[in-house]
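Undergrad: Pasting a predicted model and its sequence here:
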Amino acid sequence: MNDVSLREQSIVLIGFMGVGKTTIGRSVAKKLYRDFIDIDEEIEKKFNLPTPEIFKKYGEKKFRETEKEIIIHSCKQKLKIISVGGGAFLQEEIRKACLSECIIFFLDLSWDSWKERISLLIDSRPVLQGKTIEQIEKLFYERQPIYEGHHSRVITDNLVVDEIADYITDSLKTAWDIYEPNGN
Ligand SMILES: Nc1ncnc2c1ncn2[C@@H]1O[C@H](COP(=O)(O)OP(=O)(O)O)[C@@H](O)[C@H]1O
Ligand SMILES: O=C(O)C1=C[C@@H](OP(=O)(O)O)[C@@H](O)[C@H](O)C1
Ligand SMILES: [Mg+2]
């Protein structure tokens, strides 16, 4: 770790696509009066295209390279709330950078709850498109080990966005008060 205090460290949300990283990250940022960075939004701004179009026009490899560049840059900043795409932690360099620079929350949703959400996700997630539900289930479980590197896990089944965001902010405030009681 660098010389950034615990209170200043940026927070990174990870987990499979659709678990709520973007929505919950935005809510946590509001509650803590911090800037929010959604890495997918940053990639889309850079290409001036939605993610499915980036995949179509430039390919997944280019998307992943850009994702890495933006995350490595963003995770070195202080006091941010950062939501990374569900595939970002496939890249070891990203995992290592986030783990050493930031506090990582893993949003853990069960397959049974996740599959109820699929219709909300399919149009904007190219990785899900053209796959059967069985293939998506296989991907869901294959991806779980990449999220093992984290500092805190939040089981999100049956919780609304506000409850999850409150849980994250409360646990951060508790950790800050324990480890940096004088606010530094
Ligand atoms: N706790 C939750 N309960 C119900 N729906 C949720 C919850 N969190 C997110 N959603 C919904 O799931 C969809 C995916 O959320 P999103 O924040 O884009 O996930 P991610 O960034 O992890 O892909 C959105 O339609 C969002 O409104
Ligand atoms: O898991 C993945 O491979 C992806 C997840 C998406 O982000 P969310 O996890 O926010 O849906 C986005 O980065 C892209 O569609 C690829
Ligand atoms: Mg997202």
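TA: Sure thing, it's come through. Ligands and ions are numbered 1, 2, ... in the order given.
Undergrad: quick check, residue 120 in a helix?
TA: Yes - if the criterion is DSSP: H, G, I helix; E, B strand; the rest coil, then residue 120 is within a helix.
Undergrad: so who does it touch?
TA: Residue 120 makes contacts with residue 18, as judged by CB atoms under 8 Å, 6 or more residues apart in numbering. Quick note: C-beta positions are derived from backbone N, CA and C, even for glycine.
Undergrad: Could you check how far it is from ligand 2?
TA: 10 Å (CB to the nearest ligand atom, to the nearest Å).
Undergrad: what's the pLDDT at that residue?
TA: The score at residue 120 is 97. That number is its pLDDT.
Undergrad: now it: how far from residue 128?
TA: With distances defined as CB to CB, to the nearest Å, the gap from residue 120 to residue 128 amounts to 11 Å.
Undergrad: what does this protein put close to ligand 2?
TA: Counting by CB under 6 Å from any ligand atom, the positions of the chain adjacent to ligand 2 are 17-18, 21-22, 40, 51, 85-87, 125-127.
Undergrad: give me that answer again for 5 Å
TA: Contact residues of the chain with respect to ligand 2, defined by CB under 5 Å from any ligand atom, are listed as 17, 40, 51, 85-87, 125, 127.
Undergrad: Just the closest of these to ligand 1, please.
TA: In terms of CB to the nearest ligand atom, no member of these lies closer to ligand 1 than residue 17, at 4.6 Å.
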